[in-house]
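> Just the structure for this:
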Amino acid sequence: MSSKNPPPYIIAEIGQAHEGSLGILYSYMDALEQTGVDALKFQMHIAEAESSEYEPFRVKFSLEDETRYGYWQRMSFSLEQWKGIKQHCDNLGLDFICSPFSNLAVDWLEEIGVKQYKIGSGEVTNFLILEKIAQTGKPVILSSGMSSYDELDKAVSFLRERKVEFSILQCTTAYPTTPEHYGLNVIQEVKERYNVSVGFSDHSARTETCIAATALGASILEFHVVFDRQLFGPDAKASLTIQETKDLVVSVRNIATALANPVIKNNNKEFSEIKQIFEKSLAVNKNLPKNHILTFNDLEAKKPKGYGLEASRFQEAIGMVLNRDLKQWEFLNEEDYSSTTSE
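Presented below is the predicted three-dimensional model:
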């Protein structure tokens, strides 16, 4: 992955939000170009190659498709249409990323000219498609949503044996994902277990999840996008809107900038001028005569610093004897007192 922006690499997934309409799909692409994301993510479904009439619905949402297989048929585009989609993505200056769900889809994506592959959570144990993708020699982003560590271990070994460059996304396959299932802790676990770039694939329909993932070291972010969560479709309720995507990108870039510029707490030279204004000097809070013995209740701290004893040194003045009369609110300096009574 290459980007003009620093990590994390931000992927907005259109997924099935287009509802089988090429026009709607292009509308999403144009809208997302304005948000500042790095890449657009698609799903390539070729019904005949990946499904059958026996496939059940994950969520029985469709009012027009009698079967899940029929839904995939309606959601499919031709190879020529996919070439146009990829070209439009290129024209917008956005990376084209696509999840294949069949070996035939890999062939199509190779003809289109993809630079990398996204493996959906349900394909982690599909070693047939992993082998097909490995044969292309291109890098892979692997989603871990449905996988145990045992299953991930096997997939990782499979890819490493074939010298495939890959990264892993922590993902929870729940639409929408609730806070107790975000699995933010898994980001560091996966990073340490496999020593690879780790990201976060989100289905929460919330912006804070990807912001938190960024702060926890995610180098890739992926999330579904929809024009409105009231729209029809299986992923709408688990998606961000276009405006939320814009806001998220700004937040994530700011967090990334902060992480790339650690503050050295002991070096506060750049605050010296403002410290002079905000920090305070000691003063007396009432008229006090010469030879008065100073007490805590005689003292006040007033801005700015440098006109009296520093407020942090107040204990040095307590018990000292004034060398002269001081008026209320006058600054107190070392020459104004001594440890013995002056005649």
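
> Can you name the helix or strand that the closest residue to residue 120 other than its chain neighbours falls in?
Nearest residue to residue 120, sequence neighbours excluded (CB to CB, 6 or more residues apart in numbering): residue 99, at 4.7 Å. Placement of C-beta: from N, CA and C, glycine included. Using DSSP states H and E, residue 99 falls within strand 95-100.

> shaky segments in this protein?
The model of the chain has pLDDT under 70 over residues 1-3, 58-62, 268, 270-272, 275, 341-343.

> What ranges does it have for its strands?
Assigned by DSSP state E, the strands in the chain fall at 9-13, 39-44, 95-100, 117-119, 140-143, 166-171, 198-202, 220-224, 281-284, 299-302, 321-322, 337-338.

> Please name the residues that touch residue 111.
When contacts are counted by CB atoms under 8 Å, 6 or more residues apart in numbering, residue 111 is found next to 79, 83.

> Next one: it from residue 194, what distance?
Using CB to CB, to the nearest Å, we find residue 111 at a distance of 31 Å from residue 194.

> Also residue 38?
Counting by CB to CB - residue 38 and residue 194 are separated by 23 Å.

> Just want to know which of these two has more residues nearby.
Applying other CB atoms under 10 Å to residue 38 and residue 194 shows that residue 38 carries more neighbours, namely 22 against 18.

> how far away is the more buried one from residue 153?
29 Å.

> Which residues are in contact with residue 298?
284, 285, 286, 288, 292.

> quick one: the third one and residue 273, what's the gap?
Looking back up the chat, that one is residue 286. 32 Å.

> Please apply the same query to the first one.
Going from residue 284 to residue 273 by CB to CB gives 27 Å.

> Looking at those two, which has the bigger crowd around it?
residue 284 (22 against 8).

> Bridge partners for that one, pull those for me.
residue 299 (DSSP bridges).

> Residue 332 is in contact with that one, correct?
Yes: contact criterion CB atoms under 8 Å: residue 284 and residue 332 qualify, at 5.7 Å.

> by contact count, what packs against the longest helix seen in the chain?
If you go by DSSP state H, the chain has its longest helix at helix 242-260. The helices and strands touching helix 242-260, judged by 3 or more CB pairs under 8 Å, 6 or more residues apart in numbering; DSSP states H and E, are strand 9-13, helix 22-33, helix 208-215, strand 220-224.

> repeat that for 7 Å
On a contact count with 3 or more CB pairs under 7 Å, 6 or more residues apart in numbering; DSSP states H and E, helix 242-260 meets strand 9-13, helix 208-215.

> Please convert those to CSV, extending it with mean neighbour count and distance to residue 71.
Supplementary listing: the helices and strands packed on helix 242-260 in CSV, determined by neighbours: other CB atoms under 10 Å; distance: least, CB to CB, whole Å:
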stretch, mean neighbour count, distance to residue 71
strand 9-13, 26, 18
helix 208-215, 20, 28
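
> Which one of the ones you listed lies nearest to residue 138?
Residue 138 lies closest to strand 9-13 among the helices and strands packed on helix 242-260, at 15.8 Å (CB to CB).

> what pairs with that closest one, and is each one parallel or antiparallel?
Partners of strand 9-13 in the sheet, by DSSP bridges, are strand 39-44 (parallel), strand 220-224 (parallel).

> Name the stretch among these that sits most buried.
Ranked by mean neighbour count, these are led by strand 220-224 with a mean of 25 (mean count of other CB atoms under 10 Å).

> got the contact list for that strand?
Contact with strand 220-224 is made by 8-13, 15, 41, 141, 167, 169, 197, 199-203, 210, 213-214, 235, 238-240, 252, as judged by CB atoms under 7 Å, 6 or more residues apart in numbering.

> so how far is that strand from its chain's centroid?
Centroid separation between strand 220-224 and its chain, computed with CA atoms, centre = their mean, to the nearest Å, is 8 Å.

> can you give me the helices in the stretch 1-150 of the chain?
For the stretch 1-150 of the chain, the helices defined by DSSP state H, counting those that start in this stretch cover 22-33, 47-50, 68-75, 79-91, 103-112, 127-134, 149-161.

> quick one, domains of this protein?
Annotated domains of the chain cover 9-260, 269-338 [automatic domain parsing].

> what sits against the residue nearest to residue 120?
43, 44, 118, 119, 120.

> got it, and residue 118?
Contacts for residue 118 were tallied using CB under 7 Å, 6+ apart; they are 41, 97, 98, 99, 141.

> how does it look with 6 Å?
97, 99, 141 (CB atoms under 6 Å, 6 or more residues apart in numbering).

> ok, those vs residue 67, which is closest?
Among the contacts of residue 118, residue 99 lies closest to residue 67 (CB to CB), at 21.3 Å.

> Tell me what the spatially closest residue to residue 41 that is not a sequence neighbour is bridged to.
Nearest non-adjacent residue to residue 41, counting by CB to CB, 6+ apart: residue 13, 3.9 Å away. In this entry, residue 13 is beta-bridged to residue 41, residue 224, by DSSP bridges.

> Residue 13 and residue 143: what is the separation?
11 Å.

> neighbours of the nearest residue to residue 28 once chain neighbours are set aside, just the number please.
Closest residue to residue 28 apart from its sequence neighbours, by CB to CB, 6+ apart: residue 14 at 4.8 Å. A total of 23 residues lie near residue 14 under the criterion other CB under 10 Å.

> wouldn't residue 14 be in contact with residue 29 here?
No: using CB atoms under 6 Å, residue 14 is not in contact with residue 29; the gap is 7.3 Å.
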